[in-house]
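In: Give the three-dimensional model of this entry:
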Amino acid sequence: MEIGTIGAGDFAQAFAKRALKAGHKVKLSNSRGPESLRGIVNRLGAGAMAATKEEAAACEMVLLAVPWDNVPETLASLPKWKNQILIDGTNPFHGEAGNFAPADVGNLSTSQFVVALAPGARVVKALNTMIVPNLEADPIVNGARRVAFISADDHGAKKRVETLLESFGYSVIDLGNLRDGGLIQQAGGPLAGRNLLEQGERHK
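Out: From the prediction side, this is the model:
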């Protein structure tokens, strides 16, 4: 599968490494254009491509990986969504690392806010609970699988992302819809930043 990233910082690059290792192709994009990404895609290796935001957003699955302050402007600059799955990996923080302040999104989860900004996209909340070093690390630790959480209102999209994350090697836990599950996952929720492992295989 070909996956796009909107944003190409440390988080998006860590995601790309996992996706490439699982056999997917990744189109990375940022606000500065493909030429600025040549070094990054060369380091990531085969299967990684530098793309425009529009090209990345046209993939059937897209990771949103930009700072919270940039989310409205970034989504407003993209073409109309046509049922692509948009993985929301953002957290509601103003500012930059080392100088973060919680953002007020009112009575919504951040993913509900993203849904309002990206009509036509099938939004799934995922991966935002993981810090970059854990996303980069092997999903299997001493025989236990690292846990990834997902939430969505679109069941079909959620199953697709679950399958993707299982292909990475994660044990995936479904937290329900974007509101309830999203609030549990996002910054300030009980699962934000937690590094949980599941011992053994779950029976389905």
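
In: list the buried ones in stretch 153-167?
Out: For stretch 153-167, the neighbour count (16 or more other CB atoms under 10 Å) marks D153, D154, A157, K158, R160, V161, E162, L164, L165 as buried. Every residue, glycine included, has its C-beta placed from N, CA and C.

In: N30 against S36, yeah?
Out: Yes. Counting by CB atoms under 8 Å, N30 touches S36, with 6.4 Å between them.

In: will you turn the buried residues of stretch 153-167 into CSV that also has secondary structure?
Out: As requested, these are exported to CSV (DSSP: H, G, I helix; E, B strand; the rest coil):
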residue, secondary structure
D153, coil
D154, coil
A157, helix
K158, helix
R160, helix
V161, helix
E162, helix
L164, helix
L165, helix
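
In: one step back: out of N30 and S36, which sits in the more crowded spot?
Out: N30 (23 against 13; other CB atoms under 10 Å).

In: Which residue is the nearest non-sequential neighbour of that one?
Out: Leaving aside its chain neighbours, N30 sits nearest to A8 (4.3 Å; criterion: CB to CB, 6 or more residues apart in numbering).

In: likewise A56?
Out: The spatially closest residue to A56, leaving aside those adjacent along the chain, is G4, at 3.1 Å (CB to CB, 6+ apart).

In: Break down the chain into its strands, ranges please.
Out: With DSSP state E, the ranges of strands along the chain come out as 2-6, 25-29, 48-50, 61-64, 85-88, 93-94, 101-102, 122-126, 140-141, 144-152, 171-174, 197-199.

In: Between strand 2-6 and the second one, find me the angle.
Out: It refers to strand 25-29. Relative orientation of strand 25-29 versus strand 2-6 (axes from the mean of the first three to the mean of the last three CA atoms, to 10 degrees): 20 degrees.
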